[in-house]
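In: please find the sequence and the predicted model below.
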Amino acid sequence: MPNPPTTTTADYRKLLADIRKEMEHGLKKVEELLERQKVLSYWAIGRRINVYINTREMPPGAVGAFYGDLSRDLEMHGRTLQQCEQFFRYFPKFKPDKGLKWSHYRFLLSVPDAAQRQAWIERIKKEKINTDDLRLMLMPAGATDDLPEFDLKKPARGKLYTYRLLRADDIENFDVPWFVDLGFAGCVEAPVSKAVLDNKYLYTSEKVDGVYRLKVTNARVSDLFTFRGKLRRVIDADTLLLLIDQGFGKWIVQRLRLNGIDAPEIDTLAGQRAKKWIENELKDAENLVIKTYKTDKWDRYLVDVFYSPKEKDLHRIAAEGLWLNGRMVEAGIAKVWKR
């Protein structure tokens, strides 16, 4: 009578390893096929939208309304639909490039020159540049992070003293090759560092013997533009005046607009109450942490504000602090702003 199979032998363990390897390989192939089909589908969607728009005489302003209707009826983000149409215009004769995902092509839409786009495609394939790195490398000088969805349960948080590099050519012709982007349209020469300097990496700063150094960090692009701030004044229910620590010994004063909320005007009783509420809420907060985004029509940077009364650890405030914007909505003194 043959011996029963055993699950403790070397042969069995090798079988397990082989099957797991095969499963992982198969799943990877499925993911690649799905991504390829996604790219092709978005190109085809863009072609149909392009043909529809260009075969109809739409009055000024009608294109925006058209995308609004299309977004509603398809339950698909309007920005994605616009990117699909731009994708078709930028790549009218299209064949998917191996290794490139939809996100690669989406970020390449920020490159208007066709020859430069093709050069980027070749570089992506050669260097195997992932989408996070590509997004970072294509961000122009003075750019800010995209506005996240307003989520009361999970606000977008960043990491303090996280920086990207700008090529000197992106600013002006300088003898030094790299600058550190400090946000708020400011920069400083990149200090001498043991780290490899390249705009496909993110860096954190550290001060050693009074000298600033850069160190490569595993932070994400969404961690950028996060700063320590000190409250100077509450101007009204959605505007603060802050003294901001940009790092590298640089400070700046800015009027900042709270992101994602609609607060009552200061000349109303409700606006006065909301202003007083903020002042009371922040009175014991020696330090604030702010996550900044693009400017509004009044040229104020949009910010999420985090605080923790009497807490000294800045990184803990950034990671765990109370979120002022969300607290205002929960307290009923502001509403979520509908974009």
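Out: Arrived safely, thanks for sending.
In: list the helices and strands the longest strand along the chain packs on?
Out: Longest strand in the chain by number of residues (criterion: DSSP state E): strand 226-236. Helices and strands touching strand 226-236, by 3 or more Cβ pairs under 8 Å, 6 or more residues apart in numbering; DSSP states H and E, are strand 239-247, helix 269-282, strand 288-295. For every residue, glycine as well, the C-beta is placed using N, CA and C.
In: which parts of it are buried?
Out: Thr226, Phe227, Arg228, Gly229, Leu231, Val234, Ile235, Asp236 (16 or more other Cβ atoms under 10 Å).
In: next: stretch 88-100.
Out: Phe88, Tyr90, Phe91, Phe94, Pro96, Asp97, Leu100.
In: contacting residues around the fourth one?
Out: Which is Phe94. Trp43, Phe88 (Cβ atoms under 8 Å, 6 or more residues apart in numbering).
In: kindly report the same for the first one.
Out: Residues in contact with Phe88, defined by Cβ under 8 Å, 6+ apart, are Trp43, Gly46, Arg47, Ile49, Asn50, Phe94.
In: let's see that with 6 Å instead.
Out: Trp43, Gly46, Arg47, Asn50 (Cβ atoms under 6 Å, 6 or more residues apart in numbering).
In: closest to Ala10 out of the buried residues of stretch 88-100?
Out: Within those, proximity to Ala10 (Cβ to Cβ) peaks at Leu100, which comes in at 41.5 Å.
In: next one: phi and psi at the nearest residue to the closest one once chain neighbours are set aside?
Out: Computed as Cβ to Cβ, 6 or more residues apart in numbering, the closest residue to Leu100 that is not its neighbour in sequence is Ile124, at 6.2 Å. The phi and psi torsions at Ile124 (degrees, to the nearest 10) take the values phi -60, psi -40.
In: what of Asp113?
Out: phi -90, psi 130.
In: next, count neighbours for it.
Out: Asp113 sits with 9 neighbouring residues when counted by other Cβ atoms under 10 Å.
In: for Tyr306, give me its contacts.
Out: Check again: residue 306 is Phe, not Tyr. Contacts of Phe306 by Cβ under 6 Å, 6+ apart are Val289, Ile317, Gly321, Trp323.
In: before we move on, the earlier item: and which of the buried residues of stretch 88-100 is nearest to Asp151?
Out: Looking across the buried residues of stretch 88-100 and measuring by Cβ to Cβ, the closest to Asp151 is Leu100, at 30.0 Å.
In: so what pLDDT did that closest one get?
Out: Looking at Leu100, its pLDDT is 93.
In: that's a strand at it, yeah?
Out: No. Judged by DSSP: H, G, I helix; E, B strand; the rest coil, Leu100 forms no part of a strand; its state is coil.
In: separation between it and Val51?
Out: Using Cβ to Cβ, to the nearest Å, Leu100 is found at 25 Å from Val51.
In: sec struct for Asp304, please.
Out: strand.
In: quick one: which of the contacts of Phe306 is nearest Leu240?
Out: Taking Cβ to Cβ as the measure, Val289 is the one of the contacts of Phe306 closest to Leu240, at 12.9 Å.
In: was I right about that closest one contacting Ala318?
Out: Yes. If you go by Cβ atoms under 6 Å, Val289 and Ala318 touch, sitting 4.5 Å apart.
In: with neighbour numbers in mind, choose between those two.
Out: Set Val289 next to Ala318 and count neighbours by other Cβ under 10 Å: Val289 wins out with 26 against 22.
In: so what's the more buried one bridging to?
Out: Per DSSP bridges, residues listed as beta-bridge partners of Val289: Arg228, Phe306.
In: quick one, what contacts it?
Out: Per Cβ under 6 Å, 6+ apart, neighbours of Val289: Phe306, Ile317, Ala318.
In: A helix includes the last one, no?
Out: Yes. Ala318 sits within a helix when classified using three-state DSSP.
In: most neighbours of all the contacts of Phe88, which one?
Out: Gly46 leads the contacts of Phe88 on contacts (other Cβ under 10 Å) with 23 neighbours.
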